[in-house]
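Enquirer: Pasting a predicted model and its sequence here:
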Amino acid sequence: MAIRNIRLIGDNILTKKSKEITEMTSKLKVLIGDMIDTMHKAEGVGLAAPQIGILKRLVVIDVSPEGDSPIILINPEILETSGEQTGEEGCLSVPGKSGLVTRPNYAKVKALNENMEEIIVEGTELLARALCHEIDHLNGILYVDKVIGGLHSVSDDEEQ
C-alpha cells in the first residue's frame, strides 16, 4: 500500500461535501488500504477520504491502543447520539494545533463495510468523538469550526 499526502487546512477540498460510494472496486480496495496505512503512519486515530483529496464518503478509524483494529466505514450516517464530552481535539489536516470541542459521548453509526455489507458501529468517548469528527469531514466541516476559545499549539509530548 501507499502513503498518501494529507491535505491541510486552507485546501478547498476539505470544505466540500463527499459523494456516496455505490460499488466496491479494486481501486476502492487499494484506497482503503492506503488510507489505513496513511492514518497509521501519521499516528492519527481517523482519516476521511477528503483529507487525501478524494471526495468519497469513506472513513477509516482505529482507536485501539495497538493500532491494529481499523474500522472501515463507507457512506456512514449517524443514527443516534447522546451525552456530551468536551475535550482536546486535533486533526491530521491541522497539524500542530488542537482545541477544545464538545461532542456527543455516545454515537451510533450505520455504514457499509469493505464487503458493502451494512454494519452498525456504536462507540463512546474517543470512538464517539472520532466517528463524529470523521463524518464531519465528509460534509466539509473541520473541527476548527467547533472549537471553544480558539486553537492552540500542541507540544511534541501531547497527543493529537
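Expert: All right, it came through fine.
Enquirer: Phi and psi next, for the residue nearest to the spatial centre of the chain.
Expert: In the chain, the residue lying closest to the centroid (Cα atoms, centre = their mean) is residue 134, at 2.7 Å. Here is the backbone geometry of residue 134 (degrees, to the nearest 10): phi -70, psi -40.
Enquirer: average pLDDT for the strand ranked longest in the chain?
Expert: Scanning the chain for the strand with the most residues, using DSSP state E, yields strand 71-82. Average pLDDT, strand 71-82: 98.
Enquirer: who's in contact with it?
Expert: For strand 71-82, contacts defined as Cβ atoms under 8 Å, 6 or more residues apart in numbering pick out 20-21, 32, 36, 57-62, 104-114, 116, 119-121, 128, 131-132, 134-135, 138. C-beta coordinates here come from the backbone N, C-alpha and C atoms, glycine included.
Enquirer: quick one, strands of the chain?
Expert: Assigned by DSSP E, the chain shows strands spanning 46-48, 58-61, 71-82, 85-91, 94-103, 106-112, 118-124, 148-153.
Enquirer: Where does the prediction get shaky in the chain?
Expert: 155-160 (pLDDT under 70).
Enquirer: List the contacts of residue 29.
Expert: Neighbour list for residue 29: residue 114 [criterion: Cβ under 8 Å, 6+ apart].
Enquirer: Any figure for the gap between it and residue 47?
Expert: Residue 29 is 16 Å from residue 47, where distance means Cβ to Cβ, to the nearest Å.
Enquirer: Now for the nearest residue to residue 16 once chain neighbours are set aside: which residues touch it?
Expert: What sits nearest to residue 16 in space, not counting adjacent residues and going by Cβ to Cβ, 6 or more residues apart in numbering, is residue 140, at 5.0 Å. Applying Cβ under 8 Å, 6+ apart to residue 140 gives the contacts 14-18, 50.
Enquirer: Same list (these) but as CSV, adding distance to residue 145.
Expert: Listed next are the contacts of residue 140 as CSV, based on distance: Cβ to Cβ, whole Å:
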residue, distance to residue 145
14, 11
15, 10
16, 14
17, 14
18, 17
50, 15
